[in-house]
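Colleague: Fold the following, please.
(3 chains)
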Amino acid sequence: MIKKICSLVLVVLLVLQGGCWGRKELGQLAIVMAAGVDRAPGGDIRLTVQLARPRAFGGGVERPSGAQENNAWVISENGETVLDAQRNLEKRVSRSIYWGHNVILVFGEELAREGIRQAFNFFTRSPTARETLWVMVARGKAEDVLNSHSQLENTSAQSAGSMLRMRVGEPVMLKDLSMMLASKGTNPALPRVELTASGRPQGPGMVENIPQGYKGAQQPPVGTHAEITLTGTGIFKDDKLVGWLNVRETRGLLWLKDEIKRGVVTVPSPVEPGKKISINITRGNTRVEAFFDGESVWFDVWMKMEGTLWEQQSKEKLTNPVIYKAIEKAMSREIENIARGALNKAQLEYGVDIFGFGEAFHRKYKREWASMQNRWNEVFAGAQVNIAVEGRIRRTGLTTNRLSEPQ
Amino acid sequence: MVVLLVLVFLGIIWLEVPGLVRKKMWRELAAFAVFLLIGMALSIPQALGIELPNPNRPIEVLFKPLAEWMQK
Amino acid sequence: MVEKGKIDSTQAILLNITMIFATALLSVPAITATHARQDAWLSSLLATLLALPVAWLTAKLASLFPGKILIEYPEAILGRWAGKILGLLYLLWFIQICSIMVREFGDFMVNAFIPETPIVVVNIIAIAIAAYIITQGLEVMARVNQVFLPLILFSIVLIFVLATPEMDLRRLLPVWESGAMHIFKGALAPLAWYGEISTFAMIVPFLVRPGEARRIALISVVAVGLIFAFLVVGSLAVFGPGIAAMAYPVLNVTRVINIANVIERMDPFIVAVWITGGYIKIAFFYYVIVLGSARWLKLCDFRPLVLPVGVILAALSIMAGDNSLEIFHFIGDVWPFYALFTFEFAIPLGLLVIALFTGRGKDKP
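Modeller: Residues are numbered from 1 along each chain as shown, chains lettered A, B, ... in the order given. Below is the predicted model:
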């Protein structure tokens, strides 16, 4: 009997105690959607976070004014380290900062040029932050980039994350960045983001500030909406930003790294000069092999690309094998050009291997690698790269020849 | 903290001792008492905030050369 | 007879697997990769090979002394006093490694999931549950394990299958880069883990067919070796040699799973794996301590010793180190030598040699 009573008391106690020390309910969390790390004057770290505003996330509620509400709250704080800055943030945020749903991590340009190792260790150590968050580098300040919202997604962070998931830019997760930094056979390349004017704002208070002003216009227009935009790739030497690739070169980078998911190749018409043909790449793979003859290093790259011809400005008959063979040839040449563009920039201008060619070399020549790994970037810069592209048009959409032409 | 610990010990004694006495298992009772005393000696000082020596330390010292070789 | 339950051969194999594998899945892949880098999987296979003699030795000793458990062999071989002392040392060894296991368990939970909970609470809960399991006896423990081990293995396979999109087997290349010495160094930690098979000698008399002990021990080691190699290959394929810097590589593998943004955040699976496996492992060693003590003192029942030993384990688990780094250092750099040069291999080997020379024990193998 006494035992039964005791067990009962224990069970009741268990229920009352609630169990967990670190227990935090959803209502006590400030959920970080995006984090930005900048260099603050004086050598501190400036941490910017985009916090989700839970009320604005509630779906289906009609807002009386009809105006859109910003779903995120963006604040910044300085600190000696990221963790220190987060601690300082908590002086202003009423809830405890929760990293578990963080989608993107953006490094500011200035900090990236000094080195990013100092800024992301916290995210790999803390058990709440995920290794799967997308890492990118901002043109200018990360703080400015995060200070934005998205027209389609709840927050601009989710918008940027979704674009990377679709491989619009070089997709790098935190775990990939760690691996790239740990390897001597490659250097990190992170997608570059900035704000660009993207249509009109949906209501008062929804206006973004584009730091460099509206590009292409003399004066920043009143009331511009700006979205986080992927505008290329930042190239790193070890952990320091050394330069940029533009959008076209970024595609070359993606193709050379065998991360092809989609893309469009536009080639001139083989018959009518000035007219263009566009092919939507659906599938492809790239194989890189390293060669070493004791003196020089060279690489053979085989690329196989398949696509669908989806647009034709010209009028040639595609059903003619000569024509489509010519288009395929032009497509292969264009793909090679794009890849060369990225390669030349990396080899000649910056002298860094961002393609993982060093890894390919390492896999094949493990003995030679030992003496070469510490000067790999120079070896890479002087290496000859042969690219062979096999472009194939597999389909032409719903029409074979032009529908609007008299047959 | 200490009070809680003492309560735990009393609870353990209360759970085990009556049965042992009833069945006249004196040998078991003696073993139980010795183990419990060792347990008390190891836990009560910790509850009081006294740091006890780490039992793994002597072994670490003994195998130090090999451990250093491993770290190379 | 202190223990009346009997377990069959399958249950014994499964119990051996959990008994070795449950903590090996935490930090050992990282320790191995620290030395052997991308050749860690070779290390783990080498360790399996080297562990076979340990398993054979264990079973051989057990076959010489039917009805006796590990801590009673010295008495039969070396005589009363020396044997009693060596038996006591064995008990202390089991207490020590069990407390380290409890600590490892607590560190993992606190490091990865409940950073604000005091570790002593996690440890006490683990010990309390283990205490409950062992008061039910060996047979119940074996059956619990028989239910849970398949689930554990299924979860692990599931995790690695879901992680295949993140894998690239080229990360295992080039093979044999680190060289024989580093591969051997990397094999030491898993070898010390596989060497825990020597604990199996504590339960051989409770097998339905003790004659199958050798087969059981060898199969267990090979099974554990293969599971562990699978974990190492999987973790390497996801992260490359970088797993060396991770505290719990398999957990990191779980965390990167993301299939179509729907199947992600699978960490609870690995927690389930660890909690069930870890509790059974702790319970097994806890049981061995309590059973061994009872036999050493010639008691009729081990149950009165369960709770006092639990208190000792909880206290020692806190004393085992100031921080998790100290524990990592101990299990990575000290424990392999400590285990192999003493209780797992060297002492049993010495005992066997003496037993064979003096002709003690049953003559027939």
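Colleague: who touches the closest residue to chain B within the stretch 51-200 of chain A in this structure?
Modeller: Going by C-beta to the nearest C-beta, chain B is nearest to A:A182 of the stretch 51-200 of chain A, at 19.3 Å. Using the backbone N, CA and C atoms, a C-beta is placed for each residue, glycine as well. Residues near A:A182 by C-beta atoms under 8 Å, 6 or more residues apart in numbering or on different chains: C:G240, C:P241, C:G242, C:A245.
Colleague: residue contacts, A:G243?
Modeller: With C-beta under 8 Å, 6+ apart, A:G243 has these contacts: A:G234, A:I235, A:K345, A:E349, A:Y350.
Colleague: So which of the contacts of A:A182 is the closest to chain B?
Modeller: Of all the contacts of A:A182, chain B sits closest to C:A245, with 14.7 Å by C-beta to the nearest C-beta.
Colleague: you'd agree C:A82 is up against C:P74?
Modeller: Yes. C:A82 is within contact range of C:P74, at 6.9 Å (criterion: C-beta atoms under 8 Å).
Colleague: Now look at stretch B:5-25 and say if it contacts chain A.
Modeller: No. Between stretch B:5-25 and chain A, judged by C-beta under 8 Å from any C-beta of the partner chain, nothing touches; the nearest distance is 8.8 Å.
Colleague: and that stretch, which residues are buried?
Modeller: B:L5, B:V8, B:F9, B:I12, B:E16, B:L20, B:M25 (16 or more other C-beta atoms under 10 Å in any protein chain shown).
Colleague: Give me the subset of those that lies in helices.
Modeller: Of the positions in the buried residues of stretch B:5-25, B:L5, B:V8, B:F9, B:I12, B:E16, B:L20 sit in helices, assigned by DSSP state H.
Colleague: Does the closest residue to chain B within the stretch 1-150 of chain C fall in a helix, a strand, or a coil region?
Modeller: Minimum separation of the stretch 1-150 of chain C from chain B (C-beta to the nearest C-beta) falls at C:Q96, amounting to 6.3 Å. Classification of C:Q96 using DSSP: H, G, I helix; E, B strand; the rest coil returns helix.
Colleague: For the nearest residue to it once chain neighbours are set aside, grab the count of nearby residues.
Modeller: What sits nearest to C:Q96 in space, not counting adjacent residues and going by C-beta to C-beta, 6 or more residues apart in numbering or on different chains, is B:P55, at 6.3 Å. Using other C-beta atoms under 10 Å in any protein chain shown, B:P55 has 16 neighbouring residues.
Colleague: So B:P55 lies in a helix, does it not?
Modeller: No. Counting by three-state DSSP, B:P55 falls outside a helix, being coil.
Colleague: ok, now which ones touch it?
Modeller: Residues near B:P55 by C-beta under 8 Å, 6+ apart: C:Q96, C:L316, C:M319, C:A320.
Colleague: For C:A82 and C:P74, indicate the residue with more neighbours.
Modeller: Shown here are C:A82 and C:P74; by other C-beta under 10 Å, C:P74 has more neighbours (25 against 12).
Colleague: So the more buried one versus A:E153, what's the distance?
Modeller: 70 Å (C-beta to C-beta, to the nearest Å).
Colleague: Also A:W369?
Modeller: On the measure of C-beta to C-beta, A:W369 and A:E153 end up 44 Å apart.
Colleague: more neighbours, those two?
Modeller: Neighbour count, other C-beta under 10 Å: between A:W369 and A:E153, A:W369 has more, with 21 against 18.
Colleague: In terms of helices and strands, where is the more buried one?
Modeller: helix A:366-372 (DSSP states H and E).
Colleague: Show me what secondary structure element comes after that helix.
Modeller: helix A:376-381.
Colleague: what sits up against that following helix?
Modeller: Residues contacting helix A:376-381 (C-beta under 8 Å, 6+ apart): A:184-185, A:187, A:237, A:297, A:346-348, A:351-353, A:357-358, A:361, A:372.
Colleague: Tell me the residue of the stretch 1-150 of chain C that sits nearest chain A?
Modeller: Per C-beta to the nearest C-beta, C:E116 is where the stretch 1-150 of chain C lies closest to chain A, at 3.4 Å.
Colleague: I'd assumed that residue was in a strand, is it?
Modeller: No. C:E116: not assigned to a strand; according to three-state DSSP it is coil.
Colleague: any idea of the pLDDT on it?
Modeller: At C:E116, the pLDDT value in this model is 82.
Colleague: what's the answer for C:K364, then?
Modeller: Listed pLDDT for C:K364 reads 47.
Colleague: Same question for A:E80.
Modeller: pLDDT recorded at A:E80 is 92.
Colleague: tell me the secondary structure for the residue in the stretch 201-350 of chain A positioned nearest to chain C?
Modeller: Using C-beta to the nearest C-beta, the single residue of the stretch 201-350 of chain A nearest to chain C is A:D258, 10.1 Å away. Under three-state DSSP, the three-state class of A:D258 is coil.
Colleague: Point me to the helix or strand that includes the nearest residue to it once chain neighbours are set aside.
Modeller: Leaving aside its sequence neighbours, A:D258 sits nearest to A:T286 (C-beta to C-beta, 6+ apart; 4.1 Å). Assigned by DSSP H and E, A:T286 belongs to strand A:276-292.
Colleague: try A:S150
Modeller: Judged by DSSP H and E, A:S150 forms part of no helix or strand.
Colleague: Please apply the same query to A:G36.
Modeller: strand A:29-39.
Colleague: same question, A:N337
Modeller: For A:N337, the element it lies in under DSSP H and E is helix A:321-344.
Colleague: ok, so what distance separates the residue of chain C positioned farthest from its centre from chain A?
Modeller: Computed with C-alpha atoms, centre = their mean, the residue of chain C farthest from its C-alpha average is C:A260, at 36.4 Å. The gap separating C:A260 from chain A is 10 Å, by C-beta to the nearest C-beta, to the nearest Å.
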